[in-house]
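> Provided below for reference: sequence and predicted model.
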Amino acid sequence: MDAQSTNGEQQAALLAETLPFMQAYEHKTVVVKYGGHAMGNPELGKAFARDIALLKQSGINPIVVHGGGPQIGAMLNKLGIESHFEHGLRVTDQRTVEVVEMVLAGSINKEIVALINAEGEWAIGLCGKDGNMVFAEKAKKTVIDPDSNIERVLDLGFVGEPVEVDRTLLDLLARSELIPVIAPVAPGRDGATYNINADTFAGAIAGAVSASRLLFLTDVPGVLDREGKLIKQLTVAEARTLIRDGTISGGMIPKVETCIEALERGVEGVVILNGKTRHAVLLELLTEHGAGTLIVR
Ligand SMILES: Nc1ncnc2c1ncn2[C@@H]1O[C@H](COP(=O)(O)OP(=O)(O)O)[C@@H](O)[C@H]1O
Ligand SMILES: CC(=O)N[C@@H](CCC(=O)OP(=O)(O)O)C(=O)O
């Protein structure tokens with residue numbers, strides 16, 4: 001067989017594999033959470049934007065929710081503002097929330113919009129404030145102290161939890177050429193601006209629009225066990241045990257908690273995968289060999 005026909009056969013095999021997936025997702029909504037740790041490499045950023053553009057061109061309805069934790073950290077550092085995390089969430093005072101809004105809804109949001117637009121699509125940058133999309137309340141987070149086993153309430157300042165999501169604007173955009181790119185900042189009915197963990201925000205959006213898939217792009221292959229090996233599938237009960245025993249820690253906690261809530265809200269499939277793999281989104285959605293950790297009921 002000559003090289004040309006081998007190449008042709010490979011292309012046909014690839015098409016045969018991807019077409020049924022494309023058909024299955026046609027007109028379906030896929031929420032992609034693009035984490036701050038998965039950003040930063042221009043080549044990978046372009047590949048991510050290409051994937052999102054291709055989804056839209058294939059008749060799928062992508063919604064991007066992005067984070068930017070490391071980028072917020074760098075800006076706070078520059079400004080000499082200290083910040084620390086509790087249970088994976090940034091304790092946020094008034095000055096910090098101003099920086100969070102500037103970095104998330106400002107520079108990062110517009111960078112992602114520009115990357116997708118450069119792929120020939122029409123992206124629109126939003127945050128929870130736009131179109132009355134999301135309203136938040138001060139987060140009421142409690143944790144059990146592992147030493148004393150006593151529950152304590154965390155005061156995280158202007159950290160919010162989404163309590164109302166209005167899908168009107170997202171439904172309008174789904175019927176248009178526009179791809180929403182959303183920063184996890186939202187107003188409260190009290191007039192304050194809240195900093196919302198991007199994973200939590202993505203879960204709330206995915207739940208409100210009854211997404212078919214919610215993908216979390218991060219900087220690790222998925223949920224890892226104590227030996228650092230990828231766990232390909234996790235039930236909700238197993239995930240809760242791994243949080244309790246400390247195998248899942250830091251930023252992975254809100255991610256996994258969100259996966260659990262999203263499944264409970266009726267999102268069909270939730271996956272945590274490595275955003276540093278080229279074309280991670282396309283590979284996950286359109287091929288048999290899904291990467292990352294699939295969380296199931
Ligand atoms: N069991 C675990 N498996 C994988 N990652 C974990 C685990 N426990 C904690 N982590 C940490 O969670 C991080 C991913 O969460 P986070 O830093 O919030 O990323 P992102 O910015 O993508 O949301 C990983 O880089 C890793 O350091
Ligand atoms: C309350 C809270 O922790 N908010 C996050 C929002 C950004 C975020 O979640 O970004 P990643 O997805 O890149 O981690 C923060 O201030 O870092």
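Looks like it came in fine. Ligands and ions are numbered 1, 2, ... in the order given.

> residue in the stretch 151-297 of the chain nearest to ligand 1?
Nearest residue of the stretch 151-297 of the chain to ligand 1 (Cβ to the nearest ligand atom) works out as G251 at 2.0 Å. The C-beta positions use only the backbone N, C-alpha and C, and glycine is treated the same way.

> Do I have it right that that residue meets G69?
Yes. G251 is in contact with G69 according to Cβ atoms under 8 Å; the separation is 7.0 Å.

> Need the residues touching each of those two.
Among the neighbours of G251, those also in contact with G69 (Cβ atoms under 8 Å, 6 or more residues apart in numbering) are 35, 37.

> Next, the contact list for whichever residue of the stretch 1-150 of the chain sits closest to ligand 2, please.
Nearest residue of the stretch 1-150 of the chain to ligand 2, counting by Cβ to the nearest ligand atom: G67, 2.1 Å away. By Cβ under 8 Å, 6+ apart, G67 lies in contact with 33-36, 104, 184, 197-199.

> Could you tell me how many residues sit around the closest residue to the residue of the stretch 151-297 of the chain closest to ligand 1 other than its chain neighbours?
Spatial nearest neighbour of G251, chain neighbours left out: G88 (5.1 Å); criterion: Cβ to Cβ, 6 or more residues apart in numbering. By other Cβ atoms under 10 Å, the residues close to G88 number 20.

> again, but for E177
10.

> do the same with V31
By other Cβ under 10 Å, the residues close to V31 number 29.

> The residue nearest to it when sequence neighbours are not counted sits in which helix or strand?
Take V31 and drop its neighbours on the chain: the residue closest to it by Cβ to Cβ, 6+ apart is A206, 4.1 Å away. Assigned by DSSP states H and E, A206 belongs to helix 198-208.

> So what's the model's average confidence on that helix?
On average, the pLDDT along helix 198-208 is 96.

> Helices of this protein, residue ranges please.
Assignment of helices within the chain using DSSP state H yields the ranges 3-25, 42-57, 69-78, 94-101, 109-117, 168-174, 198-208, 236-244, 252-264, 280-286.

> could I get those helices as TSV with mean neighbour count?
Formatted as TSV, the helices of the chain follow (neighbours: other Cβ atoms under 10 Å):
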stretch	mean neighbour count
helix 3-25	12
helix 42-57	19
helix 69-78	16
helix 94-101	18
helix 109-117	20
helix 168-174	15
helix 198-208	27
helix 236-244	15
helix 252-264	22
helix 280-286	23
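
> wait, what's in contact with R226?
So R226 contacts T247 (Cβ under 8 Å, 6+ apart).

> With distance to D155 as added columns, please give the helices of the chain in TSV.
Output for the helices of the chain, formatted as TSV (distance: least, Cβ to Cβ, whole Å):
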stretch	distance to D155
helix 3-25	42
helix 42-57	36
helix 69-78	19
helix 94-101	14
helix 109-117	28
helix 168-174	32
helix 198-208	17
helix 236-244	21
helix 252-264	17
helix 280-286	36
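
> so which of those gets nearest P146?
Among the helices of the chain, helix 236-244 comes nearest to P146, with 8.8 Å by Cβ to Cβ.

> For that closest one, name the packing helices and strands.
Here helix 236-244 touches helix 252-264, strand 293-296, going by 3 or more Cβ pairs under 8 Å, 6 or more residues apart in numbering; DSSP states H and E.
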